[in-house]
Each structure stands twice: as C-alpha cells, then as structure tokens.
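1. Turn this into a model:
(2 chains)
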Amino acid sequence: MVTDANGRTVTLFVQCLVDALYPEVAESMVRVLEQIGLKVVCPVDQTCCGQAAFNTGYRRDAAVAARHFVEVFERAETVVCPSGSCVDMVRHHYRELFCDDPVWLERAERIGRRTFEFTQFLVDVIGRLDLGSRFAGRVTYHDSCHLLRGLGVKDQPRKLLEQVRGLTLVEMKDSDCCCGFGGTFSVKYPEISTAMVEQKVENILASGADTVTGCDMGCLMNIEGIVHRRGLPLRVLHIARILASQAKG
Amino acid sequence: MAHIQTEHYRRESRKALRDPVLQRALAGIQSRLGPATAASYRNLPEGPALRQVGHEIRRRAIENLDVLLEALSERVRQNGGQVFFARDAGEAVAYCLKVAKAHRVRLAVKGKSMVTEEIGLNEALAAAGIEAAETDLGEFIIQLAGEHPSHIIAPSIHKTRVEIGRLFSERLGIAYTDDPPQLTQAARKALREKFFAADMGISGCNLACAETGHITTLSNEGNIRMASTLPRVHIAFMGMERIVARLEDHDVLFRLLSRGAAAQSLAGYVSYVGGPALDAHADGPEAFHLVILDNGRSRILADPVFREMLCCVRCGACLNVCPVYGKIGGHAYGYPYSGPVGAVVTPLLVGINRAKDLCLGESLCGACRDACPVDINIPRMLLELRAKLAEGDSRWRVKPVGRVQKALFALWARLVRDRRLYEIALAGMHLGQRLLPLERGMVRWLPAPAAGWTRARNLRPVASRSFVRRWKKQHENA
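-> Numbers count the residues shown, from 1 in each chain, chains lettered A, B, ... in the order given. As a prediction, the model looks like this:
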C-alpha cells in the first residue's frame, strides 16, 4: 500500500554522472518519490558536488563547485541524491574544504545535515520500506565504500529490496569490498582498478545473481563497463531503477 | 638506508598482478585475517570503542613525545643500558656497527623489525663482515631466498610451501619436503645453532614504556626473547614514536595490536626488556643499547596534518583489508612499509614526489580505517598528500604533478559554477563522442588521458539530453 508522505517537498541533487550518463536513474528516483506522495523539485542550476576534484587533490577547484552547490541548495528543506559518495562529500568533506572559512563552513554544514542518500532518506527519514515495486530476478547488492563507511548505510537498501515482489536478494562474497572505481584512480591505474573490478564481478557471478544493484552509479558504471565489454549475462542497475519498477514479476 | 624503489610502483604492480601464486597467497591471507580481526574487535570486552581509547593513548603520547623520550632514556640509563638518538638511518647503522665492533661481534641474531629494514641494517652489517641471521620464521625464509619482506607481519606470505621446501633443501641441505611441521623443525634446528653461537642480538621495539624504561617485543615464536637474552649484547631499535607514558597503556594497546596483527587476544610472547644483567639481577645480556630513530619522523611530528600517522603501531591490519594491497602485494610499494600505512608513511619518509604513486594509486575505499586498531584516519591523509601533489607544497618540497590534469580541472571549475556553460560542455561531449568507436551502444575506446578506462571496460555514452535539461523542458512546458 502506498501512503502519503505528508506532501513534503524534496529537492533533487542529481549527481553529475547520473545527470549526464544515466538520466533514467534520476527519472526512476523521481517516480519513487512522487509515488509515495512527495513533491519533488529539481534546481536547474545544479552541476556537481566537486568530489572528483577534491579526491584528486584540487581543493580550490573543488571549493568552486562546493560554493555553487551551497548556493543552489541552501534554501532546500531536504535534499535527496542517488549517490552515497556525493552525499558523503557534502556532509563530511565540505568541512575540510571550508576549514579556514567560517562563513562558508556554516552554510555548508547547514545544508549537509539536510542532505540524504536516496535509500537512507526512504528508510531513515520517511520510514517507508514497501514501495509497491515488482522486479523479477535474483539480485545481489554491492556496498559502495563511501555510502557504507562514510554514511553508515548498509541495511537500508537491503530492507527496501527485500520488500520488492518477485525479487530474491542474494548476498555475494565480500559485498563491502571496493569495486576498484575510485574516481580518477580507475583511469590512472587501470591495471589495478581492473583487477579489483574483475574480482568484484567474479563474486557477483558466484552469488548466482542475474542482477547487481547498488546506490552509486560510480561503482555501477565500473562494473557495467567490464560486464558489457565481456558480454556477461548480468544486469547492472541502480537501486532506483528496481524500486521504480512495476513490471509483472 | 633501505633501497627506495617507490618509482616502480606501476611496473611492480603489473608484475604482481600477473603472478598467480602471489594472487592466491594474498587472497588467502586477506580472507583469513581481515574478517577475523574485525570479529576480534567486536568481541573485545570493552567493545570496538576501545580502538578510540587506543587512539587517544597514542595521540597523547605523540603530543608529549619529547618528555616521554627524555624519561625513557633516563630510565634506560639508570637501568644500566645505553641510549643513542639517531637522526637518520646512517647514524643508526653507524652506531650499531660501532657497538658490534667494540664487542667483536661476528654473528648477530635478529628478531623481526621493520625499522631495521627501513635503515638497511642487514646490508650494512653484511658489508662489515658481520652475519645478521633473521630468526622469525618468515624472515628466515626470505633471508635464505635473498628477498625482502612483502607484509609487515607475514613477511614471506608471497612464498608457497613448495618453494620453501625447495629453498630449504638447497640452502639447509635437508631432503626435500613441503610438510610445514618438518620444514619448521628444520628451521628451528638451524636457528638454534645461530642463537647459541651469536654474539649480539638485534630487535625492534613494539612500544617502549616511559615510566619504567622498558622496551617491549611481541612475537608468536619466542624467537625475539631468545635473540634478546642469549647473546652477550642486545641492541634494540625503535622509531622515536613507538612509546607510551605508562605501563597501563600497554594493556589496551597490546590487546588492540595483537588483534590487528593476527586476530589474537594477545601475542604468544610479550617480553619486557629493562636493560642488561646487573649485580642485583643476573638475567639478561652483558650490555644493552637502545637506538631511537628519527629519520624523518620529526618532520611528520611538526605537521599537524600528518602527525596522526605517528600513532601507527605497525600491526599490518590495514594490509589485510586493503583491496589494492590484496592485488599488488607488498613489494610493489618499493619500501619496507606497504599497504595503506606505506601509502602514507613512505611518501612522508622518502619524499612525496618520489613516492607519489603510492598515495595516488589507492581507491580511497576507507577499509583501512575500519581495520586500524587505533582508528587512524588513513584516507584523510591520503587526500592531504594528493592535495600537496596537485598544488605543490613548499614545506614538504612537493612539486605539482599532472599539468594536463590541472588544466582540465581548472576548466571544469569554470564550468561547474555556470549551468549554461556546463550544458554546452555536455552537448559538446555528446557531439564529440560520435568520433569514438562504439560496441553495442557503449564507447569502446577513449583517448588519453581517459584511455585507461577503456583498456578493459566500455563506457556509457553521454546522453543526448541531461536529466536536468529534460526536467527543465518538461516543467517549462507544464
């Protein structure tokens, strides 16, 4: 049963990767949020949280993105994002970017507290587990590093998946082991990164799953990249796609 | 000084990735020790929060290092030992050679010690005609093989028992066997002879105690105890950060360290060494020397950003969970300290530019922090090192690296503050990607600097319309 979530407004923070490469993920997220009675708004000036620049060491460039983010989102009541690592960036690393700037620091911290990852928002803030979704398949869940270790989100996506009709959730070995994406690391150290994602895919296939899901397109893009190159029989889907799915199981 | 080969990180990583024996060994140790250590923290009577208590004890010790080291050296001298503060590897090695010469040492036995690897002690002793025999079983194996440790706690993890069987039959003159108990017995026999014949014992120090003047060693083979008590002279080496104030602090830290190192409640042998034999107590060597090594640690201490790294107790727990270490092993790091600890400590000790690949070649997954028995925030320091490499740093004498990358991020910074420009750039990429070869709808090849991605992976092309553009269009029309 779908109930109303008090007509509350949520503001979409799309994540640059989803915005440019996987727009269907954000569309799925909107469908899920609207379906449970939330009003969804999307600031059209948003660009990127700055994580890639920050992780590569370009803090001044990252701060440019961070200030833009704060300006775009600071009037929002609740911000929801389909990526754990972007939320971790906003919540925890903006502090490091603005450690010498008390005014921006305060503005960033204020918006950080109101910014949530999609599954974290659904389970911890709204308290909704059953979204009426249907999805046929054996699904395994990959724990993204920053979502798990930065935000402590581990059970929330699993709880949501368990409620999906037709879906069998299976655990892979070392689901919390990094997939080898690591932003620019994947491009600069391709051999190491590839060895890590090969291991991940091996564990996914060994679980007997036909679909792998997660809450971060960075990891999923990495996994999809190798799965597609090798033509492996595995679907790689962001969790929003599964939760928005209404296909008969 | 240890031979620094940090520049070869990429080459050595590739070599390691192609070595199936190493790959199996690394997967084996990580699957055994990683989860076991995590479970051992959960089973602590005080709960996993003891890691933060341990962190606090270490932090306090580091904040008061000058006072603690002064107190320690006073106590050691009172107890009849001698203390030498070595500014660098050269001074530490020279002091050891001087002591060895004064005592006419021909053969030394060694307990496992990373700091002696750091200063290249074995090579220096060999050059002076002194045999330094490693007595930790793993170290013994790799010394026979003429190699270097590949793991802080399990130095010979990269060798199989078949390789060890062959090595022992060649070098110890025994019949070939790959039976671990028989191999261990053969090593034990060879080592006993060394222990009884040695003139000098060399050890590291896990954590000294300032108030009592003891150094301590932890082992599971009892070898360090024999190396430090049987020979006439005992010389111990410690990095200047390896100290705490009080005896009680050892309780918390040794329980944490043993869990981090091998998922044990406590290591099999914990030895307190207080100095040489005296009239009042007959046990111990005739002479005891303690070498306290700086070798770049003062510079780390002076920088509040990296000071936390001195809290490290070198247990190796981070190696057992690091997915990068799990693929490339210890040798790729080109210096005795490998894995996440090596990725931070080594650049700080040998030069950030020189060891840049160590801190750039990590995925920032954060598993190391969860595994650390004293909760050191290694990812934070990796990010700090990267910031220095990106922008340059006069204090650490870092030259900026990656000019192309810098220009790209500068351009990116121009775009991210203006959605209109950003949208034009996305449209440009969408157009530009028409020139790229596709495979079943995905990009198969990318030019530099993104070429690394498509070595083994395809990439989803940029959508014809970004989500934000779609949203804007929909909601403007509505």
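
2. For the residue of the stretch 51-200 of chain B found nearest chain A, grab the count of nearby residues.
-> The minimum distance from the stretch 51-200 of chain B to chain A, using C-beta to the nearest C-beta, falls at B:R51 (14.3 Å). From N, CA and C alone the C-beta is placed, and that goes for glycine too. Per other C-beta atoms under 10 Å in any protein chain shown, the neighbour tally for B:R51 reads 24.

3. A:L33 versus that one, what's the distance?
-> 38 Å (C-beta to C-beta, to the nearest Å).

4. Can you tell me which residue is spatially central in chain A?
-> Taking C-alpha atoms, centre = their mean as the criterion, A:S83 is the residue nearest the geometric centre of chain A, at 2.2 Å.

5. give the contact list for the residue of the stretch 51-200 of chain B closest to chain A.
-> B:R51 is in contact with B:Y41, B:L256, B:C372, B:P373, B:V374, B:D375, counting by C-beta atoms under 8 Å, 6 or more residues apart in numbering or on different chains.

6. how about those, which pair is most distant?
-> Farthest-apart pair in the contacts of B:R51 is B:Y41 and B:V374; separation 11.3 Å (C-beta to C-beta).

7. More neighbours: these two, which one.
-> Higher neighbour count among B:Y41 and B:V374: B:V374, with 25 against 21, using other C-beta under 10 Å.

8. Grab the nearest non-local neighbour of A:T115.
-> Counting by C-beta to C-beta, 6 or more residues apart in numbering or on different chains, A:T115 lies nearest to A:V79, which is 4.3 Å off, once chain neighbours are set aside.

9. And for the one you found, the neighbour number?
-> Neighbour tally, A:V79, other C-beta under 10 Å: 23.

10. Could you tell me whether B:L144 really is in a helix?
-> Yes: counting by DSSP: H, G, I helix; E, B strand; the rest coil, B:L144 is found in a helix.

11. pLDDT at the closest residue to it other than its chain neighbours, what is it?
-> Nearest non-adjacent residue to B:L144, counting by C-beta to C-beta, 6+ apart: B:R171, 4.8 Å away. Looking at B:R171, its pLDDT is 94.

12. How about B:G452?
-> For B:G452, the model assigns a pLDDT of 96.

13. give the contact list for it.
-> Applying C-beta under 8 Å, 6+ apart to B:G452 gives the contacts A:S186, A:V187, A:K188, A:Y189, A:P190, A:S193.

14. State the distance from it to B:E7.
-> Separation of B:G452 from B:E7 (C-beta to C-beta): 19 Å.

15. Ok, B:A317 next?
-> From B:A317 across to B:E7, the span is 27 Å (C-beta to C-beta).

16. Between the two, which has more neighbouring residues?
-> Counted by other C-beta under 10 Å, B:A317 and B:E7 do not tie: B:A317 has more neighbours, with 33 against 14.

17. in terms of contact, does that one touch B:I376 like I think?
-> No: applying C-beta atoms under 8 Å as the test, B:A317 and B:I376 come out as separate, 10.1 Å apart.

18. Tell me how many other residues crowd the residue nearest to B:L144.
-> Neighbours of B:R171 using other C-beta under 10 Å come to 14.

19. so how far is A:Q15 from it?
-> B:R171 sits 58 Å away from A:Q15, going by C-beta to C-beta.

20. and what of B:G54?
-> 37 Å.

21. More neighbours: which of those two?
-> The neighbour count for B:G54 versus A:Q15, taken as other C-beta under 10 Å, is higher for A:Q15 (28 against 25).

22. and the gap between that one and A:G50?
-> 12 Å.

23. Common neighbours of the two, please.
-> Common contacts of A:Q15 and A:G50 (C-beta under 8 Å, 6+ apart): none found.

24. I'd guessed B:R386 sits against A:R59; true?
-> No: using C-beta under 8 Å, B:R386 is not in contact with A:R59; the gap is 9.3 Å.
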